[in-house]
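> pasting the sequence and the predicted coordinates here, then a few questions.
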Amino acid sequence: MGTPEHNLVLILARGVASSIATPMFLVDGDGTLVYFNEPAEIILGTTYAEAGELDPQEWGTMFYPEDPETGAKLPSEEVPLTKALAKRRPVHRKMAITGRDDVRRTIAVTAFPLFARTDEFVGAVAIFWEEGEG
């Protein structure tokens, strides 16, 4: 995960994730899943303890991301978190996922990059919620 300062940014982000009621997914600068919170577990149909750290290819496909209107599989590069990692800018979109509990859900996702300093990219966060909730 890089330097201690980079670790600090990710540690702080994990602290925020563990304290909020909104589902949140956290990856490091290489795209490795490093944490998702309890509210995310409900939508993802699994716990972080069960999933553990996953590389981008694993988490990018394990929830079967789809276009919610057409049902077409979303290419990895169109998944908001993957796009935020690659472009290093915020991304928002609706998509459908099928959790490990085999339940298909339409979610809204906002993903954004994390920086230790302006030019030091350390990871990204996705905050998401089930459409129609609230």
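Happy to help now that I have it. Residues are numbered from 1 along each chain as shown.
> so what touches the longest strand belonging to the chain?
In the chain, taking DSSP state E as the definition, the longest strand is strand 104-117. Defining contact as CB atoms under 8 Å, 6 or more residues apart in numbering, one finds that strand 104-117 is touched by 3, 5-6, 8-10, 13, 43, 68, 80-81, 83-85, 88-99, 121-132. Bear in mind the C-beta positions are built from the backbone N, C-alpha and C, glycine included.
> again with stretch 95-103
43-46, 50-51, 62-68, 71, 74, 79-80, 104-107, 109.
> buried sites along it?
The neighbour-count check on stretch 95-103 (16 or more other CB atoms under 10 Å) flags 95-99 as buried.
> show the buried residues in the contacts of strand 104-117.
6, 9-10, 13, 43, 68, 80-81, 83-85, 91, 93, 95-99, 121-129.
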